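*Asks:* Sequence first, then the predicted structure, then my questions.
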Amino acid sequence: MSNAVHAVPELDDAIKEYLLFRGFTNTLRSFDAERRNDGDRGLRVDKIVDQLFSFIEKYEVEALLEFWDQLNWRFFSRLEKPFTSSVRKLEICLKRYYVINAIQTGRPDKVAEFFDKIASEAQAFPEWRDWFALPFVKNPELQPMFETYFTRAWLDTFTLSLHNFLSTMFHNLPLPTLLSFDEEQIKLRAMVDEIESLRAAAWQDSSAGYKGHPPSHQAGSTSVAGGVADGGAPVEADGSGIPPPYTSASAARLPRDANAPTPVFTLSGTEVGSPEPPEAPATQSQPHSADDAGSGDAATGGDAEEEDAEGGDQNYSVQNPSSDAFVVLNQERYTEHNAAILQCAASPTGSYIASVDTDSVLKVWCTSPLIKTKLTRTGQTLPARISAVAWDHQSDTTLYIGFVNGDVLGIDVETEAETGTAKMPDTHPRVVALASQGSMVVCGLASGFDRPTGQLMLLHAKTLSIEAQLPVQSKTSVPCSFNFNHNTTLLVVGCEDGMVQIFDVRSNKFIMGWQAHKQRICGTKFSQDETTVFSSAADGKLMRWNAHHLGAPIAQSPADPVILAYAATYPHASGFSFDVEDEYVLRNCSASDVSAPGEVAIFVLRHSATDPIAPPALRLSGHEAAVTCFTWSSTTNTVISGSADNTVRVYTLFKVT
């Protein structure tokens with residue numbers, strides 16, 4: 001039902017349009033009134049969770065209990081019997097969080113009011129027996145019976161469990177007929193994609209006689225091409241093919257020995273998966289035979305002159321080696337910007353893409369079923385120039401925007417309503433970077449543009465209130481890249497002075513750091529097992545560091561890095577992005593000249609010095625100027641690249657197993 005949930009606002013608009021067309025104005029007014037008072041929040045999980053927590057933060061216990069009873073009557077009561085215990089546990093945790101929040105905010109009167117309301121019901125359940133004594137316990141956060149409930153880890157776990165349960169429930173609910181209107185279209189699109197992938201495989205088999213790269217075939221807005229990794233199957237991190245399990249002790253993997261040397265070090269780096277210099281673009285001046293033309297039609301799926309409404313692509317080119325790793329199922333181009341693209345980011349499920357250009361114009365748009373702009377914000381409607389954007393890790397509609405004047409804004413891209421605002425300290429007013437995970441938003445700040453100093457702030461994701469300041473270890477370290485570990489206990493930070501620093505966000509303490517690069521760091525990431533850290537910088541190098549031994553090198557690649565002369569203007573041009581299994585890495589392979597045609601490429605990620613150095617598994621080109629930002633959405637397996645040619649391209653990939 002997940003696709004149907006996202007279709008609810010679109011279907012509501014279609015119903016309004018129909019009622020207006022038929023002249024049913026009274027019905028239309030009633031429909032609008034019902035929508036404004038929609039108790040189910042459009043079946044959007046993030047909105048339902050926000051509403052529950054809003055009642056808790058405002059101490060509206062009656063509204064909280066009434067809203068939960070409504071969910072129980074509308075949805076939970078329809079679930080099978082084995083789910084009853086899960087619903088009951090979530091209800092208990094929700095009520096306990098109400099009590100904990102009231103105690104933490106100094107409202108004992110609200111605690112007493114809560115127990116008065118549930119006393120008759122709760123006395124029958126042993127889970128509440130000890131909790132009736134809570135209002136009379138001094139410092140309950142220190143008592144073994146209650147201390148767990150006062151920790152951030154418990155709140156994050158409960159929030160995630162509630163979100164996942166509601167998502168699973170809505171996904172499995174039977175659809176009403178009206179919400180099934182696009183099921184056939186979705187099935188048809190899936191069949192078309194499958195046919196195109198089979199055609200691509202057949203074309204690749206027929207092209208096995210070619211030496212080097214098979215000939216490129218141009219297409220309209222939809223093109224299919226094959227891509228591969230050199231050397232056969234990709235290397236797994238542990239050799240088993242299954243990502244290693246995570247445990248709550250993962251933070252203990254990082255050393256905290258009191259006898260360890262000073263926590264800031266200068267180390268030599270190791271280069272992993274560095275891109276090769278870009279090849280000259282292939283030409284197609286050589287004529288093809290009739291057989292070649294036939295296989296080209298099969299590969300592109302028909303007429304190569306068809307273009308979509310957003311501007312079909314007639315110079316699309318995907319260069320591939322000669323074995324199987326990836327298939328490009330589709331390519332689309334977004335052309336609504338009038339300036340070079342500064343940053344692009346995909347929402348958690350890939351439903352929306354946010355892109356910002358150098359004119360400080362923000363566009364939020366979707367590609368399915370057709371490219372459509374959902375939201376536009378320009379300088380006239382913004383407090384200052386945009387310097388960073390990031391999606392909420394748990395919401396597909398909440399976008400955080402950072403500005404050069406220190407403002408941070410949260411916005412719901414569907415309703416265009418602000419979800420929160422924050423003002424950073426006057427000493428460090430420029431927002432450099434943003435990232436979100438769990439209930440936190442991390443914000444990197446700079447004091448200005450000329451020899452700036454840095455600060456690192458943690459904000460609450462819902463209210464954007466400042467919760468903590470992390471101790472950046474060097475005055476010249478301006479945080480500009482972040483990545484959390486799997487349970488949001490550790491944060492790795494890349495800085496403008498080339499430092500990598502790791503923090504424990506539970507205790508807000510610095511753990512360790514080292515000099516990773518000589519230039520600005522553009523990307524940082526924990527490996528899946530959290531034993532290594534990756535970093536890339538404006539020098540074009542992608543490094544892999546051992547987190548157990550304070551940044552010790554692991555492997556080195558002799559490939560020459562591509563140094564982008566325009567990296568200072570476009571800070572996201574020299575980053576990197578991994579696939580969901582951390583087997584492949586996406587890098588920028590554009591030429592140093594920003595006006596030259598650009599491309600990104602996918603490389604096999606090297607895990608040790610003994611791994612072979614392979615050529616790119618897939619090159620994705622077509623931009624008329626250099627690539628200035630890019631990302632790889634693992635949820636939808638799409639590569640998104642922005643360019644100085646004012647366009648954003650979306651490549652839909654299929655990974656061959």
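*Replies:* Everything's here; your move. Residues are numbered from 1 along each chain as shown.

*Asks:* In stretch 530-548, which residues are buried?
*Replies:* Neighbour counts over stretch 530-548 (16 or more other Cβ atoms under 10 Å) mark 530-545, 547 as buried. Yep, even glycine has a C-beta here, placed from its N, CA and C like the rest.

*Asks:* And the helices in the stretch 101-250 of the chain?
*Replies:* For the stretch 101-250 of the chain, the helices defined by DSSP state H, counting those that start in this stretch occupy 108-122, 152-172, 183-206.

*Asks:* Redo these as TSV? Include mean pLDDT, distance to Ile466 and mean neighbour count.
*Replies:* As requested, these are arranged in TSV below (pLDDT from 0 to 100; distance: least, Cβ to Cβ, whole Å; neighbours: other Cβ atoms under 10 Å):
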stretch	mean pLDDT	distance to Ile466	mean neighbour count
helix 108-122	83	24	14
helix 152-172	85	15	16
helix 183-206	71	43	14
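
*Asks:* And those: which comes nearest Arg385?
*Replies:* Arg385 sits nearest to helix 152-172 of all the helices of the stretch 101-250 of the chain, at 33.1 Å, using Cβ to Cβ.

*Asks:* and the closest one, what does it pack onto?
*Replies:* helix 2-22, helix 45-57, helix 84-104 (3 or more Cβ pairs under 8 Å, 6 or more residues apart in numbering; DSSP states H and E).

*Asks:* Show me what that helix is in contact with.
*Replies:* Defining contact as Cβ atoms under 8 Å, 6 or more residues apart in numbering, one finds that helix 152-172 is touched by 1-2, 5, 43, 45-46, 48-49, 52, 75-76, 79, 86, 90, 93-94, 97, 148, 394, 438-439, 487-489, 506.

*Asks:* ChimeraX command for the buried members of those residues?
*Replies:* Typed into ChimeraX, the next command selects the buried ones out of the contacts of helix 152-172 (criterion: 16+ other Cβ under 10 Å):
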select :1,2,5,43,45,46,48,49,52,75,76,90,93,94,97,394,438,439,487,488,489
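
*Asks:* ok so, going back, Throw the helices of the stretch 101-250 of the chain into a markdown table and include distance to Arg333, thanks.
*Replies:* Output for the helices of the stretch 101-250 of the chain, formatted as a markdown table (distance: least, Cβ to Cβ, whole Å):
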| stretch | distance to Arg333 |
| --- | --- |
| helix 108-122 | 54 |
| helix 152-172 | 32 |
| helix 183-206 | 18 |
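
*Asks:* so which of those comes closest to Leu375?
*Replies:* Here helix 152-172 is closest among the helices of the stretch 101-250 of the chain (Cβ to Cβ), at 23.4 Å.

*Asks:* Report the angle between that closest one and helix 45-57.
*Replies:* Helix 152-172 runs at 140 degrees relative to helix 45-57, counting by axes from the mean of the first three to the mean of the last three Cα atoms, to 10 degrees.

*Asks:* Using PDB, list the CA coordinates for helix 152-172.
*Replies:* The C-alpha coordinates for helix 152-172 follow below in PDB (Å, rounded to 0.1, in the frame of the first residue of the first chain):
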ATOM      1  CA  ARG A 152      17.900   9.000  24.100                       C
ATOM      2  CA  ALA A 153      18.500   5.400  22.900                       C
ATOM      3  CA  TRP A 154      15.200   4.200  24.300                       C
ATOM      4  CA  LEU A 155      13.300   7.100  22.700                       C
ATOM      5  CA  ASP A 156      15.000   6.600  19.300                       C
ATOM      6  CA  THR A 157      14.200   2.800  19.400                       C
ATOM      7  CA  PHE A 158      10.600   3.400  20.300                       C
ATOM      8  CA  THR A 159      10.200   6.100  17.600                       C
ATOM      9  CA  LEU A 160      11.700   3.800  15.000                       C
ATOM     10  CA  SER A 161       9.600   0.800  16.100                       C
ATOM     11  CA  LEU A 162       6.400   2.800  16.000                       C
ATOM     12  CA  HIS A 163       7.200   4.200  12.600                       C
ATOM     13  CA  ASN A 164       8.100   0.800  11.200                       C
ATOM     14  CA  PHE A 165       5.000  -0.900  12.600                       C
ATOM     15  CA  LEU A 166       2.700   1.700  11.100                       C
ATOM     16  CA  SER A 167       4.500   1.600   7.800                       C
ATOM     17  CA  THR A 168       4.200  -2.200   7.700                       C
ATOM     18  CA  MET A 169       0.500  -2.100   8.700                       C
ATOM     19  CA  PHE A 170      -0.400   0.500   6.000                       C
ATOM     20  CA  HIS A 171       1.600  -1.500   3.400                       C
ATOM     21  CA  ASN A 172      -0.500  -4.600   4.000                       C
END
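
*Asks:* follow-up on the earlier one: worst average pLDDT in the helices and strands packed on helix 152-172?
*Replies:* Ranked on mean pLDDT, the bottom entry among those is helix 2-22, at a mean of 71.

*Asks:* Toward the C-terminus, what is the element adjacent to that one?
*Replies:* Downstream of helix 2-22, the next assigned helix or strand under DSSP states H and E is helix 25-36.

*Asks:* Can you list the buried residues in that next one?
*Replies:* For helix 25-36, the neighbour count (16+ other Cβ under 10 Å) marks Leu28 as buried.

*Asks:* could you dump it to PDB, C-alpha only?
*Replies:* In PDB, the C-alpha atoms belonging to helix 25-36 read as follows (Å, rounded to 0.1, in the frame of the first residue of the first chain):
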ATOM      1  CA  THR A  25     -19.900  22.900  -4.900                       C
ATOM      2  CA  ASN A  26     -21.600  22.000  -1.600                       C
ATOM      3  CA  THR A  27     -19.900  18.500  -1.700                       C
ATOM      4  CA  LEU A  28     -16.600  20.200  -2.500                       C
ATOM      5  CA  ARG A  29     -16.900  22.400   0.500                       C
ATOM      6  CA  SER A  30     -17.700  19.500   2.700                       C
ATOM      7  CA  PHE A  31     -14.900  17.500   1.300                       C
ATOM      8  CA  ASP A  32     -12.400  20.300   2.000                       C
ATOM      9  CA  ALA A  33     -13.700  20.600   5.500                       C
ATOM     10  CA  GLU A  34     -13.300  16.800   6.100                       C
ATOM     11  CA  ARG A  35      -9.800  16.900   4.700                       C
ATOM     12  CA  ARG A  36      -8.800  19.700   7.000                       C
END
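
*Asks:* That helix packs against which elements?
*Replies:* Of the remaining helices and strands, those touching helix 25-36 by 3+ Cβ pairs under 8 Å, 6+ apart are helix 2-22.

*Asks:* ok and the helix it packs on relative to helix 25-36, angle-wise?
*Replies:* Using the same axes, to 10 degrees, helix 2-22 lies at 150 degrees relative to helix 25-36.

*Asks:* so how far is helix 2-22 off the chain centroid?
*Replies:* Between the centre of helix 2-22 and the centre of its chain there are 28 Å (Cα atoms, centre = their mean, to the nearest Å).

*Asks:* what's it packed up against?
*Replies:* Helix 2-22 packs on helix 25-36, helix 152-172, going by 3+ Cβ pairs under 8 Å, 6+ apart.

*Asks:* now do 6 Å
*Replies:* Contact partners of helix 2-22 among helices and strands, from 3 or more Cβ pairs under 6 Å, 6 or more residues apart in numbering; DSSP states H and E: none.

*Asks:* which stretches of the stretch 301-450 of the chain aren't confidently modelled?
*Replies:* For the stretch 301-450 of the chain, applying pLDDT under 70 flags the ranges 301-324.

*Asks:* give me that answer again for 80
*Replies:* For the stretch 301-450 of the chain, the stretches with pLDDT under 80 are 301-324, 368-369, 379, 448-450.

*Asks:* need the strands for it, in chain order.
*Replies:* Assigned by DSSP state E, counting those that start in this stretch, the stretch 301-450 of the chain shows strands spanning 317-319, 326-334, 341-346, 353-357, 362-366, 372-377, 386-391, 398-403, 407-412, 418-423, 430-437, 440-446.
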